[in-house]
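[1] Predicted structure and sequence below. I'll ask about it afterward.
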Amino acid sequence: MKNSRFIKTDITTTLVIVISVFLLVFDVVRIFNVGITHDEAFTYNYYLSGTFNDIWHSWIPSANNHLLNSVLTKTITGVFHNSDAFHLRLTNLLALVVYMVYSYLLLKALFKNNNWAFIGFVLLNFNPYLFDFWGLCRGYGLSIAMMMVSMYHLVRFSSGSFKHLVIAAVFAILAVYANFVLLNYFLALLFAALVLTVRKKESIIKTLGLSVLSSGILYYLIADHIKILRDRDQLYYGGDSGVVSDTLSTLVCNSFYMDDASLVSAISYTIAAVFLAIGVYWLLQMQKKKSGSITGFILWMAVFIPIMSVEMQHLVLGNKYIIGRTALFLYPLFIIQLTYCLHHIRMNYSSSGSTVMLGMGILFVGSFKQHVNTYKTKDWEYDRHNVWVMEHMLAGIADGEPARVKVSWELIPSFIYYSNTKYKGRFYQIEKREENLYEGQQYDYLYLSSYYTEAEDVSQFGGIFQLDTAFQDVPNYLYKQVADQ
């Protein structure tokens, strides 16, 4: 029997390693193939190209500056003296390794059955929207990786020493420093720490002391940043309709690449109902004093508390509801608590939990296979063709003269990044279509997008332009000057 269990464990772990290697290789391919996006380029142009002081003090206040990601990426580009896509995105490639390792360790800590750990690992990793951020210079993936380490040590604390809670708090702080929205997870951690301490009948003084200390550290690290962002109206990204209509719906829409609004809404409300039912389930299980019910309730509260925190912030402070990438940290938390609930049902009541998990695994793998790609990222798909467009522009300029171009605002950061790195000296200062930096001189090209705004009459920019390229997958249009007016 011992040998049988060893072989089974070895096979499961081997499958996880094979999947992990595949995902890492695929991520590297994406890192090299996907062009630098708007938000990545903004981070480089205004923070990474300067000093560490520019990062810490946000001389241009913006929620775009994900502090831990900026600091780590600045360190990497400084050590290797290279600011290409690979070095800018290396931090999040390494974060993917951390996320995969600790997601599997967490699942192994929760489940004795290796099959459940394996399927849970698949669900946590085969989300094409989440996968995008392991290959981008942003703080979203990094913060989720830090959160996963924190969650693992929180679960270990339930049956282990106080040092696990200390580690959980440290990585929760790092998660918040990588992305401020993880403050909502930090609140859940504080609640879970108190519940587990009481359940273990240990001294609550140490836990309260750790809570106060970690909260103080966070306050010191980010309070001024958040105040500046609020004062400068930089916390504008989000929705105003509600947690289900904004937060859940955008996660469903982006994770499964759905365009049918009515279907997205139906699925979102179904998920919300299932989530509430799980909460009731754990309350009933705790009344019956069922084994594992406290852990299940804590995992459920790890989702519920952030959601309630977001709701209260909207009602009291007027903050937007988190959507899309800012809500992405809820995805692994939801999957973990759902998997644990289904496993508990399987072990105590019905085998249907296994059927649901298997069906979800098949669905998620199929969706991942259909939607994952090596050439664009969902949130900034309008930047997909920027490198091709810049090379096409330079090829059309006689005698290798620098190109004069005007581009839409959403394309500006990426153009500036490439004009300062890969195509250094090949472009005059990139001009927004709202500006007039060339003092009446004619533009060689216009690259305009109607992704966020209506298309414009190009005759207003002077000269005579003809359409050079109209892209089929995004509403971007490249115009070339053919004659003076």
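    Perfect, I can see it now.

[2] after the helix or strand hosting F191 comes which helix or strand?
    Element membership of F191 [criterion: DSSP states H and E] is helix 183-199. Next in sequence after helix 183-199, counting helices and strands by DSSP H and E, comes helix 204-231.

[3] returning to that earlier point: buried sites along the helix holding F191?
    183-190, 192-193, 195-197 (16 or more other CB atoms under 10 Å). (Each C-beta comes from the backbone N, C-alpha and C, glycine too.)

[4] Please apply the same query to stretch 69-80.
    69-74, 76-77.

[5] follow-up on the earlier one: and for the helix holding F191, what are the contacting residues?
    With CB atoms under 8 Å, 6 or more residues apart in numbering as the test, helix 183-199 has contacts from 147, 150, 154, 157-158, 165, 168-169, 172-173, 175-176, 203-204, 206-208, 210-211, 214-215, 218, 294, 297-298, 301-306, 309-310, 329, 333.

[6] residue ranges with poor pLDDT in this structure?
    1-9, 58-59, 433-441, 452-463, 483-485 (pLDDT under 70).

[7] quick one: what helix or strand has the residue nearest the centre of it in it?
    Closest residue to the average C-alpha location of the chain: Y140 at 3.3 Å, with CA atoms, centre = their mean. Taking DSSP H and E as the criterion, Y140 maps to helix 139-157.

[8] now G35
    Short version: G35 belongs to no helix or strand, going by DSSP H and E.

[9] give the contact list for it.
    85, 383-387, 414.

[10] Let me know the closest of the residues you listed to D399.
    Nearest to D399 among those, counting by CB to CB, is V387 at 22.5 Å.

[11] my read: the closest one touches F415, true?
    No: look at V387 against F415 with CB atoms under 8 Å: they stay out of range, at 10.1 Å.

[12] of the two, who's got more company?
    Neighbour comparison, V387 and F415: the larger count goes to F415, with 25 against 17 (by other CB atoms under 10 Å).

[13] How about the more buried one: what's its closest non-neighbour residue?
    Distance criterion CB to CB, 6 or more residues apart in numbering; nearest residue to F415, sequence neighbours excluded, is I430 at 4.7 Å.

[14] what's the answer for S62, then?
    Q234 (5.7 Å).

[15] Could you pull up the contacting residues of that neighbour?
    Per CB under 8 Å, 6+ apart, neighbours of Q234: 61-63, 228.

[16] L363 versus M308, what's the distance?
    29 Å (CB to CB, to the nearest Å).

[17] hang on, the earlier thing: list buried residues within the contacts of Q234.
    61, 63.

[18] Turn the contacts of Q234 into CSV, columns for distance to D259 and secondary structure.
    Formatted as CSV, those follow (distance: CB to CB, whole Å; DSSP: H, G, I helix; E, B strand; the rest coil):
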residue, distance to D259, secondary structure
P61, 35, coil
S62, 30, coil
A63, 27, coil
I228, 37, helix
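
[19] quick one, strands of this structure?
    In the chain, the segments counted as strands under DSSP state E are 405-407, 431-432, 445-449, 464-470, 476-483.

[20] Most tightly packed of the ones you listed?
    Looking across the strands of the chain with neighbours counted as mean count of other CB atoms under 10 Å, the highest average goes to strand 405-407: a mean of 24.

[21] how far out from the middle of the chain is that strand?
    Distance of strand 405-407 from its chain centroid, counting by CA atoms, centre = their mean, to the nearest Å, is 30 Å.

[22] Against which helices or strands is that strand packed?
    strand 431-432, strand 445-449 (3 or more CB pairs under 8 Å, 6 or more residues apart in numbering; DSSP states H and E).

[23] quick one: contacts of the last one?
    For strand 445-449, contacts defined as CB under 8 Å, 6+ apart pick out 382, 389, 393, 396, 403-408, 410-411, 415, 433, 455-456, 458, 461, 465, 468, 474-481.

[24] likewise the first one?
    Residues outside strand 431-432 that contact it (CB under 8 Å, 6+ apart): 404-409, 412, 437-438, 443.

[25] Inside helices: which ones of those residues?
    If you go by DSSP state H, the contacts of strand 431-432 have I412 in helices.

[26] In a markdown table: the contacts of strand 431-432, plus distance to G353.
    Output for those, formatted as a markdown table (distance: CB to CB, whole Å):
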| residue | distance to G353 |
| --- | --- |
| R404 | 63 |
| V405 | 57 |
| K406 | 58 |
| V407 | 53 |
| S408 | 50 |
| W409 | 49 |
| I412 | 50 |
| L437 | 62 |
| Y438 | 65 |
| Y443 | 62 |
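
[27] What's the ChimeraX syntax to select whichever of the contacts of strand 431-432 are buried?
    Applying 16+ other CB under 10 Å to the contacts of strand 431-432, the buried members can be selected in ChimeraX as follows:
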select :404,405,406,407,408,412,443
